[in-house]
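Chemist: Pasted the sequence and its predicted model underneath.
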Amino acid sequence: MIEGRDGTARAVIDAVAPVIDGGRFPAKRLAGEPVRVEAHCLVDGHDKLRVVLRWRLVGEHEAFEVDMTAQGNDVWSGEFTPPVPGRYRFTVYAWVDHFESWRAELGRRDDPDDVRVALQVGSALIDDCAARSRGADAANLAHWASLLRASAGRDAAAADAESLKALALDPARAALVQRYADRRRAAAATFELIVDRKRAGFSSWYELFPRSAAPDGARHGTFGDVEARLPYVAGMGFDVLYFPPIQPIGRINRKGANNALDAGPEDVGSPWAIGAAEGGHKQILAQLGTMDDFRRLLAKARGFGIEIALDLAFQCAPDHPYVSEHPQWFKHRPDGSIQYAENPPKKYQDIYPFDFETDDWRALWGELKSVIDFWIGEGVRIFRVDNPHTKPFAFWEWVIGEIKSANPDVIFLAEAFTRPKVMHHLAKLGFSQSYTYFTWRNTKRELTDYFTELALGPGRQYFRANVWPNTPDILHETLQSGLRAAFAARLVLAATLSANYGIYGPSYELMESAPREPGSEEYRDSEKYQLRHWALDRPDSLWSLILRMNRIRRDNAALQSDASLRFCRIDNEQLIAYFKRDDASGNVILTVVNLDPHNVQSGWLDLDLSSLELDAGRPYQMHDLLSAQRYQWHGARNYVMLDPRRLPAHVFKLRRHVRTERDFDYFI
């Protein structure tokens with residue numbers, strides 16, 4: 001916030017960025033990446049301003065400071081690079097720099113008498129600075145002030161104006177004054193910043209149900225079976241492996257296959273119906289294994305460069321121990337029975353939501369936080385949060401703040417397919433990543449508008465998109481065609497439009513496409529309610545394409561952030577084109593996707609050569625990282641054609657230099 005001031009402080013800090021809602025919420029950044037701070041700093045008249053940026057990690061006493069640079073039109077900028085995850089506090093200070101104002105005015109004077117008067121004024125400013133300094137610096141400043149007074153007392157014939165000014169304008173001595181600047185009348189604006197680790201900004205997620213990981217369909221899968229599948233997941237290039245809830249599953253009102261109300265004795269139920277007689281949120285479903293088995297799986301996954309993410313679903317099955325031990329945490333009907341979850345016309349008879357308006361809310365909040373603490377203690381650092389928009393905002397702000405204060409490396413992904421402002425508010429409250437509407441954005445216009453908003457809109461300061469073409473809950477009609485080209489195109493779009501993306505598999509790579517019934521987005525024979533067996537070695541699997549896409553993402557810095565995303569004009573509504581650029585390395589990736597899974601589409605694509613630093617008079621090479629083909633392009637306008645029966649996309653790497661005969665060693 002912009003701090004108070006007295007009437008003698010003339011500097012004004014009019015605006016600062018990055019700031020969310022006037023400082024109510026912190027912006028987000030990544031550890032090890034520069035944070036650019038801009039401030040609009042003003043002063044009346046013609047005096048010079050000094051503006052500095054001071055920053056520190058909250059909880060640490062050591063602070064660091066850099067001068068901000070004037071960019072014109074009263075805009076100042078400065079940078080700092082937070083080295084580790086955590087909450088940071090940064091302050092912009094602005095004040096009238098009387099010393100620099102004096103030096104600037106002195107530089108314009110050419111009358112010796114005027115200069116001598118100015119030297120007297122300057123010596124007084126330097127004396128004040130000497131009084132604020134210590135040791136050798138104080139002595140050097142006092143000596144400089146005495147030299148200026150001596151020069152001011154010389155006869156006019158003894159020196160001309162330029163020689164009189166030379167001593168006063170000495171840059172080395174001026175730097176010493178700046179070290180002990182008078183900040184008593186400084187305006188100040190302080191804000192906070194959440195800094196996450198790299199994986200919060202760049203990650204590739206793979207979701208699977210451990211209970212379906214058995215090598216055949218004859219038994220329930222275990223954590224040991226998931227261990228055996230780690231090479232498969234790592235082989236595709238994923239770095240986050242996400243499990244639906246792994247806790248005991250309720251037996252009361254258990255759902256059967258395809259969400260049937262009457263479950264048979266062999267039905268395994270929905271993992272989101274958490275809790276049974278053997279335990280609740282801090283226990284593991286016995287059929288999956290033991291806690292030791294889970295710990296071993298975490299360690300094995302780390303060996304493959306994979307983190308395990310757990311589902312955080314704050315709800316209970318009717319036979320969860322919480323229901324009998326804390327009935328006050330749930331809503332009751334007039335007949336005394338507990339209200340199950342509903343989202344009409346959907347009914348979830350196997351789930352009891354918590355009543356966050358209970359008078360016992362403090363105990364409820366504390367217990368739910370203890371669930372997160374428990375799994376963090378077991379080594380989990382990533383949580384996908386189920387339906388956070390159905391729990392109070394105040395709870396999330398508190399619990400995420402508490403958790404990240406002690407564990408700044410923890411990542412929370414918000415699974416909230418709800419109204420835009422609600423999704424954005426959850427992101428402001430502290431969620432590291434957020435699900436998006438990507439699943440329902442399929443046309444060129446929809447994709448262009450939505451991802452331009454995500455990359456360039458105000459939400460870019462706090463809303464990190466994580467895009468999924470499918471989830472266990474959502475089989476969009478685009479994929480219900482069952483066409484390989486549709487699955488391939490949506491994969492390429494997800495992996496290149498967003499630095500964070502995920503797929504629910506093996507359903508995705510095996511192109512599962514049958515809905516429960518016409519018009520439904522639910523899968524037929526959904527894993528949410530039954531065990532499935534997957535033939536991972538099917539020859540038509542998208543496994544190799546997924547591997548290529550994740551390798552491209554890993555090898556190209558341009559695809560590891562979203563801020564540089566720009567769409568290109570292409571004269572065919574079935575083709576979409578966009579590029580990303582990494583300024584530090586110069587890496588540029590141009591993606592072109594055919595949105596029509598049935599037909600060959602072609603068109604002329606226009607590139608902004610100046611933004612890519614390309615010479616209009618020289619050819620350049622476009623290397624398609626999917627097909628390994630190379631194309632020589634000329635100028636801003638070039639032709640592309642994509643056959644969905646082969647590959648529905650180009651992922652081009654720009655190579656600016658095209659070799660000619662002059663590059664050959666013997667060329668003279």
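Modeler: Okay, I see it.

Chemist: quick one: V51 from A94, how far?
Modeler: In this view, V51 and A94 are 5 Å apart by CB to CB, to the nearest Å. Quick note: C-beta positions are derived from backbone N, CA and C, even for glycine.

Chemist: Looking only at neighbour counts, state which of the two leads.
Modeler: Higher neighbour count among V51 and A94: A94, with 28 against 22, using other CB atoms under 10 Å.

Chemist: next one: the helix or strand where that one lies to chain centre, how far?
Modeler: According to DSSP states H and E, A94 maps onto strand 86-96. Centre-to-centre, strand 86-96 and its host chain are 23 Å apart (CA atoms, centre = their mean, to the nearest Å).

Chemist: Direction included, what does that strand pair against?
Modeler: Strand 86-96 has these partner strands in its sheet, going by DSSP bridges: strand 49-57 (antiparallel), strand 187-196 (antiparallel).

Chemist: mind exporting it as CSV, just the C-alpha atoms?
Modeler: Taking Å, rounded to 0.1, in the frame of the first residue of the first chain, the C-alpha atoms of strand 86-96 are listed here in CSV:
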residue,chain,number,x,y,z
GLY,A,86,8.3,-17.4,-0.5
ARG,A,87,6.4,-14.2,0.2
TYR,A,88,8.4,-11.1,-0.7
ARG,A,89,7.8,-7.5,0.3
PHE,A,90,9.0,-4.7,-2.0
THR,A,91,8.9,-1.0,-1.5
VAL,A,92,9.2,1.9,-4.0
TYR,A,93,10.7,5.0,-2.4
ALA,A,94,10.6,8.4,-4.2
TRP,A,95,12.0,11.7,-2.9
VAL,A,96,13.2,15.1,-4.3
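
Chemist: Which residues does stretch 545-565 contact?
Modeler: If you take CB atoms under 8 Å, 6 or more residues apart in numbering as the criterion, stretch 545-565 is touched by 201-202, 204, 235-238, 451-452, 454-456, 460, 465, 488, 491-492, 495-499, 503, 509, 578-585, 587-589, 625-626, 651, 653.

Chemist: if I look at V51 and A94, which residues touch both of them?
Modeler: Joint contacts of V51 and A94 (CB under 8 Å, 6+ apart) are A39, C41, W76.

Chemist: of those residues, closest to G635?
Modeler: Among the shared contacts of V51 and A94, W76 lies closest to G635 (CB to CB), at 39.2 Å.

Chemist: so what's that closest one up against?
Modeler: Contact partners of W76, counting by CB under 8 Å, 6+ apart, are E38, A39, H40, C41, L49, V51, M68, T69, A70, V92, A94.

Chemist: which SSE is the fourth one in?
Modeler: C41 belongs to strand 35-42 when assigned by DSSP H and E.

Chemist: Now tell me what touches whichever helix or strand I503 is part of from outside.
Modeler: Assigned by DSSP H and E, I503 falls within strand 500-504. Strand 500-504 has contacts (CB under 8 Å, 6+ apart) with 201-208, 240, 242, 433, 464-472, 491, 494-495, 509, 546.

Chemist: same thing with stretch 367-376?
Modeler: With CB under 8 Å, 6+ apart as the criterion, stretch 367-376 contacts 281-282, 310, 312, 314, 322, 326, 354, 383, 395, 399, 402-403, 407, 410.

Chemist: These in helices, which ones?
Modeler: By the criterion of DSSP state H, membership of the contacts of stretch 367-376 in helices covers Y322, F395, V399, E402, I403.

Chemist: What about the residue nearest to the second one when sequence neighbours are not counted, how many residues nearby?
Modeler: Of all residues not flanking F395 in the chain, W365 sits nearest, at 6.0 Å (CB to CB, 6 or more residues apart in numbering). Number of residues near W365 (other CB under 10 Å) recorded here: 18.

Chemist: How about P345?
Modeler: Neighbourhood size, P345 [other CB under 10 Å]: 5.
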